[in-house]
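> need a 3D model of the sequence below.
(4 chains)
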Protein chains: 2
Amino acid sequence: MGTVSNVLNRPNLVAEATRERVQAAIGELGFVRNETARQLRQGQSHVLGVVVPTMANPYFSDVGRAAETVMNAEGFDALWCTSEGSPTKEQRCLDFLEEQNVSGLLISPLDLGAARVAELHGRGLAVVLLDRTTAGVCSVAVDHRAGGALAAHHLLGRRHRRLVFVTGPRSIRPVRERHAGAVRAARDAGLDEHALTTLEQPEMTASAGRDAARRLLELDPLPTGVFCGNDLLAIGLINELVRAGVKVPTEISVVGYDDIDLAATAVVPLTTVRQPREELGRTATELALAETGDPEQHEHRQVVLSPELIVRESA
Amino acid sequence: MGTVSNVLNRPNLVAEATRERVQAAIGELGFVRNETARQLRQGQSHVLGVVVPTMANPYFSDVGRAAETVMNAEGFDALWCTSEGSPTKEQRCLDFLEEQNVSGLLISPLDLGAARVAELHGRGLAVVLLDRTTAGVCSVAVDHRAGGALAAHHLLGRRHRRLVFVTGPRSIRPVRERHAGAVRAARDAGLDEHALTTLEQPEMTASAGRDAARRLLELDPLPTGVFCGNDLLAIGLINELVRAGVKVPTEISVVGYDDIDLAATAVVPLTTVRQPREELGRTATELALAETGDPEQHEHRQVVLSPELIVRESA
DNA sequence: CAAAGATCGTGAATCGTTTCAAGCTACGCT
DNA sequence: AGCGTAGCTTGAAACGATTCACGATCTTTG
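Predicted coordinates:
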């Protein structure tokens, strides 16, 4: 048994002949190493957890995919968990990953208390926060305030003076920050406080965007510039506007957020704020791997990436 | 140690007082059971693998989500893997899941040989195939031929006589079957063989749909009915048609496949063939759990679900 | 009051792998 | 020839939880 282990893990210690004999036996018996036993003995797992709110938003699946690619290249595997927008499920995910003994964790948190993070840390897990910055932990986030400002500034530059911010639940922090950025930009432009209103939807999906469009169309006077908290909202909203015969961008301009793949192929190709999702996933994974590799003298880093305005046709 | 285990697993065997004392200690020390050790000892894992080609298509994430919900309700957890459309990655996923000692496997296979399935079976894994039917394994599939026929029949019923089937790579079997169903329907309607042409795209995404639309518009005469292999293709295609000033459905009618959430909120709400994705995920999980629960006298079942035509506005 | 019975806690073996010390073989050197 | 050494192989302990047989304590009853 010791020899088999050596063949698998330190083949140079084993004589050529023996090695081949063992390899042959492995092939013949269809032996598959039991990773759970291996982990148990080693205390380390070569697995990182990835926790995202939903897989239905391509933004998250893209970030996660980029992360997984890096992991695989480094001999790690990813365990995906979705919190489904529910703090309870988020807890469940964390419990599961903890029990599975992952050596690190990438999480786009809903409701993660500092205490829980500290607890995870205490167990030796490398924790990297996505889209949120907190002291004492690694994090990779996009500057959502800057992104919000970018979007609002673009609309203001096109002489729009009646703006609406369409958003999901206010409990989602990045969206609050985007809003704050937009508000700041509006104020900087000398805009009246009531010129930027908010329309809150229970979800950030295309159908929520459609609903938002319907409520928007009841407004009098109509707003002329709409900034959506993410691209799915924007897509659903634009589709409904177009169906209602409203011309985009001439009558109403729309700016999205994320720059998911669907944005470029929308009926009116979407002007949107791009988040560097590959870079986000990649950087987060690199930080996590660095920390698991050398936990002792690891220094936590808060990386902040910059969003970029992609101008297409919708605004 | 034995007592702790009893508290966790068979609390009724432990006296009230002791149980509370142990629970308190657990809470205080932040004890988290090491699931790997537990699995090692028990030989069983309460984890099921889910392998899908991509998370970018909501169809798969929805099926998987339904599956995970059932698992969670039964005390199981899901391990998600994406094969990314690559047989190599698919192998890697299977290896990973095998090493992780999952007790069952839901897979929407790309390129899965019967030999590999038998091998997995031999290791005691419950294997359930999604969207493919094979003897000797459980499977849950939708009748894609019927679905293809449904779509084609709908278009034919609206007097369309120049049809195009827009599809992804021919290596994807369900899509071949949809095509076959459409061909059969066309033949049954007495249509000429050349009246239903095929436009193959390298992917089944919205941008591939947009590209397809561009190639379609070069045709002379224009086709009047288009059947897309999935909804993402259809959405990208419709968006581009609308942008080019082509009226949908009056000039060109479009039918999609899957009925993902985005279908209902498209610029022209999509007429599409609904696959019962919740039922698919749920049934598959139930089969897998039944097999893991009682492997001895389990009888493999091939469940075939029926697709349903959802008529909206695009055709 | 003592013995049987019921109830609950304890300790050791076990799962499959890794790791490390110790053992073995063969070879070279003096 | 004897001994040291390098190169491999073998065997046993360990990881953390479960399980089961056994032992301890307390209750009950003749």
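
> which element is the residue most central in space within chain A on?
Nearest to the mean C-alpha position of chain A, counting by Cα atoms, centre = their mean, stands A:F60 at 4.3 Å. Per DSSP states H and E, A:F60 falls inside helix A:58-73.

> how about A:V127?
Using DSSP H and E, A:V127 falls in strand A:126-130.

> ok, A:V304 next?
Using DSSP H and E, A:V304 maps to strand A:302-305.

> before we move on, the earlier item: and the angle for the strand holding A:V127 with helix A:58-73?
Interaxial angle, strand A:126-130 versus helix A:58-73 (axes from the mean of the first three to the mean of the last three Cα atoms, to 10 degrees): 150 degrees.

> and the stretch 1-150 of chain A, which residues reach DNA strand D?
Within the stretch 1-150 of chain A, the positions near DNA strand D by Cβ under 7 Å from any atom of the strand are A:1-3, A:6, A:13-15, A:17-18, A:37, A:40-41, A:43. (C-beta placed from N, C-alpha, C; glycine too.)

> between all of those residues, which two are separated the most?
The largest separation in these, counting by Cβ to Cβ, is between A:A17 and A:G43 at 32.9 Å.

> between those two, which one's more packed in?
Of the pair A:A17 and A:G43, A:G43 is the one with more neighbours under other Cβ atoms under 10 Å in any protein chain shown, namely 11 against 8.

> how far away is the more buried one from A:C81?
22 Å (Cβ to Cβ, to the nearest Å).

> gap between the helix holding A:F60 and the chain center?
10 Å (Cα atoms, centre = their mean, to the nearest Å).

> do that helix and chain B meet?
Yes. Shown here: helix A:58-73 in contact with chain B (Cβ under 8 Å from any Cβ of the partner chain) through A:58, A:61-62, A:64-65, A:68, A:72.

> and that helix, what does it pack onto?
Helix A:58-73 is packed against strand A:47-52, strand A:77-82, helix A:277-293, with contacts defined by 3 or more Cβ pairs under 8 Å, 6 or more residues apart in numbering or on different chains; DSSP states H and E.

> any chance of those in JSON lines, plus mean neighbour count, mean pLDDT and distance to A:V268?
Formatted as JSON lines, these follow (neighbours: other Cβ atoms under 10 Å in any protein chain shown; pLDDT from 0 to 100; distance: least, Cβ to Cβ, whole Å):
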{"stretch": "strand A:47-52", "mean neighbour count": "25", "mean pLDDT": "96", "distance to A:V268": "28"}
{"stretch": "strand A:77-82", "mean neighbour count": "24", "mean pLDDT": "96", "distance to A:V268": "31"}
{"stretch": "helix A:277-293", "mean neighbour count": "21", "mean pLDDT": "96", "distance to A:V268": "22"}
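
> can you pull out the helices in chain A?
For chain A, helices defined by DSSP state H occupy the ranges A:2-9, A:16-29, A:35-42, A:58-73, A:87-99, A:114-122, A:144-157, A:173-188, A:206-216, A:231-243, A:261-264, A:277-293.

> so which elements touch the last one?
So that's helix A:277-293. strand A:47-52, helix A:58-73, strand A:104-107, strand A:126-130, strand A:138-142, strand A:302-305.

> please identify the deepest-packed of these.
With neighbours defined as mean count of other Cβ atoms under 10 Å in any protein chain shown, the helices and strands packed on helix A:277-293 peak in mean count at strand A:104-107, which reaches a mean of 28.

> for that one, which helices and strands make contact with it?
In terms of contacts (3+ Cβ pairs under 8 Å, 6+ apart), strand A:104-107 is packed against strand A:47-52, helix A:87-99, strand A:126-130, helix A:277-293.

> JSON lines for those, including distance to B:E251?
Formatted as JSON lines, those follow (distance: least, Cβ to Cβ, whole Å):
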{"stretch": "strand A:47-52", "distance to B:E251": "41"}
{"stretch": "helix A:87-99", "distance to B:E251": "46"}
{"stretch": "strand A:126-130", "distance to B:E251": "45"}
{"stretch": "helix A:277-293", "distance to B:E251": "37"}
